[in-house]
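J.: here you go, sequence then predicted model.
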Number of protein chains: 2
Amino acid sequence: MHIVITGGAGFLGSRLARQLLQRGQLTGKDGKLQDIKRITLLDVVAAQGFDDPRIDAVTGDIADAAVIERVITAETQSIFHLAAIVSGHAEADFELGMKINFDATRIILERARALGTKPRVVFTSSVAVFGGELPAVVPDNTLLMPQSSYGAQKVMGELLVNDYSRKGFIDGRALRMPTISVRPGAPNKAASSFASGIIREPLNGVATVCPVSPETRMWLMSPRQAIANLIHGHEINGADLGLSRFLSIDGLSVSVKQMVDALEQVAGAEVVKLIEWKEDEAIKRIVNSWPGAFEAKRAKALGFTADADFASIVKAHIEDEVKK
Amino acid sequence: MHIVITGGAGFLGSRLARQLLQRGQLTGKDGKLQDIKRITLLDVVAAQGFDDPRIDAVTGDIADAAVIERVITAETQSIFHLAAIVSGHAEADFELGMKINFDATRIILERARALGTKPRVVFTSSVAVFGGELPAVVPDNTLLMPQSSYGAQKVMGELLVNDYSRKGFIDGRALRMPTISVRPGAPNKAASSFASGIIREPLNGVATVCPVSPETRMWLMSPRQAIANLIHGHEINGADLGLSRFLSIDGLSVSVKQMVDALEQVAGAEVVKLIEWKEDEAIKRIVNSWPGAFEAKRAKALGFTADADFASIVKAHIEDEVKK
């Protein structure tokens, strides 16, 4: 089978590709496990570090229909659509956010509709679809009230995935991922960038700023867990999602203070001193509009899983990413 | 002030224009009543029956950015965006629904953004944004789960109106209108077309079909009330809508049987015999996914109003529309 991963050069896309290569198989459109013959990693930059003939790294703009037409073909059985302009960036550049977070999603779904091949599409959505006054633990049937352009664009993407699935154009599933922590690499323009930065940077001996208060409650997921859930989200039977193809994935609810305490527990008090607490109103406004905990009953019933505790996340990050 | 009404040749658009001409004034961007100097009625067909120099009937495609650019100018202080492809039609013609219900909405909002004039935009949404398992009386904070392309497109329009307002590009309000009954004129491709047809046709001595069961609960509003609420929705202070510019308007909850009973009460038993009960599965599927009653607490608090009873709606329809 042929799989397309948008954002395939990104850290989540690359990790997903590696995990898929290792598995070797994925459920095909016939509902049976099939050998993975080819994985196309589409991104604005070339995916690096792969030495496997099944990997096909394509550089291109996902908002360009000609690129999508070339990449998604009649052979494509599965699409993991991970590419996005992150929250802070989409808030600063409204047009770019609309183009990548919404228009590109539509172009991908339109391509699938034109082909008539009904591929499985895993679309990553976000806690940013929520906003407004919310209970401390958010139930599955909560009204979406995004307070950022990123969140609004993600809801529109979910609606497309849902409607295209209902119409039988695709077999879609829109998974609202918790904030991924700890992301490797450099800080990005996501309002949630700090949720990785306050762990990653100190572990590398680099000073960092925490722009939110210690009491801020975050809904998190480790990269390992995220990959497992993206694959699980692909493997489940689409019909089991019922009337809504969008879903809040289970995650781990921790306060920023608990995150830092876990870092101290794992790496020591000196490391934690590299965090400077300096609130940023623009980031706080966005982050505080996101829920810090979810019931995630549907996700649990469908077999999605969450990390056990944040200290384990920090340890896994050290294992996977921190240079010895 | 200059006002644009899309769908201005339609029955709701024309009635709204007449009411506005009669009022003569509307609240401008400065928050003060201003004289209405010009009302542009944009539609695919020319608006008929106006003999007022303030009316400017324009024929054009609302999904054509050049048309929108010509019609919405720096002078435009208010836009009533009523034009839409109705539910049954949007379900049958997916592309046309996306183009008119979503793309055109975006083009209109983009035009306002490009002008930088922050006009008031009243966008008509619908009960079709709801779906799935719902309580008998739907609260304001209910998760939207549209089960039709029309419903999905309306939610996406609401999200745009909300985000463009939040960003300060427009001063928008997306009003979820109940099903309008009794519409004058011919049946249309709306799944709810029968909700007018079962009253209008028998009153004109014409046989008609009711495609849903008598127990079906409808959330209705008369044309008179709809116009009053559209104007009210324009006049309220946008900031009073808080974090969500979308809103379920108050309406009247009646069963189809109660509608027919009211018709019999007003017009007699012979008239009612012109209704043939013959269920249509496609129409039932869509109509039954819509709620039959709402709490509409926000709408009530904001001063929106509902019809008192269905017999009054039938009487008003006879007064306004039935040839003597």
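T.: Done, it's in.
J.: for the longest helix along chain A, packing partners?
T.: Taking DSSP state H as the criterion, chain A has its longest helix at helix A:149-166. When contacts are defined as 3 or more C-beta pairs under 8 Å, 6 or more residues apart in numbering or on different chains; DSSP states H and E, helix A:149-166 sits against helix A:87-92, helix A:94-97, helix A:104-115, strand A:120-126, strand A:171-177, strand A:246-248, helix B:149-166. Heads up, the C-betas are built off the backbone N, CA and C, glycines and all.
J.: helix, strand, or coil at the residue of the stretch 201-324 of chain A found nearest chain B?
T.: At 4.5 Å from chain B, A:L243 is the closest residue in the stretch 201-324 of chain A, using C-beta to the nearest C-beta. Recorded secondary structure, A:L243: coil (DSSP: H, G, I helix; E, B strand; the rest coil).
J.: check contacts around it.
T.: By C-beta atoms under 8 Å, 6 or more residues apart in numbering or on different chains, the contact set of A:L243 is B:131-133, B:145, B:147.
J.: restricted to buried residues, select these in ChimeraX.
T.: For anyone working in ChimeraX, the buried entries among the contacts of A:L243, judged by 16 or more other C-beta atoms under 10 Å in any protein chain shown, can be selected with:
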select /B:131,145,147
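J.: off-centre distance for the longest helix of chain A?
T.: 14 Å (C-alpha atoms, centre = their mean, to the nearest Å).
J.: how about the CA coordinates for that helix, as CSV?
T.: Extracted C-alpha coordinates of helix A:149-166, given in CSV (Å, rounded to 0.1, in the frame of the first residue of the first chain):
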residue,chain,number,x,y,z
SER,A,149,-7.7,31.5,14.0
TYR,A,150,-5.7,28.2,14.2
GLY,A,151,-8.6,26.7,16.3
ALA,A,152,-11.2,28.0,13.9
GLN,A,153,-9.3,26.6,10.9
LYS,A,154,-8.9,23.2,12.7
VAL,A,155,-12.7,23.1,13.4
MET,A,156,-13.4,23.8,9.7
GLY,A,157,-11.0,21.0,8.8
GLU,A,158,-12.8,18.6,11.1
LEU,A,159,-16.1,19.6,9.5
LEU,A,160,-14.7,18.8,6.1
VAL,A,161,-13.3,15.5,7.2
ASN,A,162,-16.7,14.7,8.8
ASP,A,163,-18.8,15.7,5.8
TYR,A,164,-16.5,14.1,3.2
SER,A,165,-16.7,10.9,5.2
ARG,A,166,-20.4,11.1,5.6
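J.: near chain B, which residues of the stretch 151-300 of chain A?
T.: Residues of the stretch 151-300 of chain A found near chain B (C-beta under 8 Å from any C-beta of the partner chain) are A:152, A:155-156, A:159-160, A:162-163, A:166-167, A:242-244.
J.: tell me the buried residues within those.
T.: Buried by 16+ other C-beta under 10 Å: A:152, A:155-156, A:159-160, A:162-163, A:166, A:244, out of these.
J.: per-residue pLDDT, the residue lying farthest from the centre of chain A?
T.: Most distant from the centre of chain A: A:E270, at 31.5 Å, with distances by C-alpha atoms, centre = their mean. Looking at A:E270, its pLDDT reads 96.
J.: my read: A:V127 touches A:R176, true?
T.: Yes. Between A:V127 and A:R176 a contact is recorded at 6.2 Å, counting by C-beta atoms under 8 Å.
J.: between those two, what contacts are shared?
T.: Common neighbours of A:V127 and A:R176 (C-beta under 8 Å, 6+ apart) are A:S248.
J.: measure the residue nearest to A:A63 when sequence neighbours are not counted to A:L96 for me?
T.: In this structure, A:A63 finds its nearest non-sequential neighbour in A:A104, 4.2 Å apart by C-beta to C-beta, 6 or more residues apart in numbering or on different chains. Counting by C-beta to C-beta, to the nearest Å, the gap from A:A104 to A:L96 is 11 Å.
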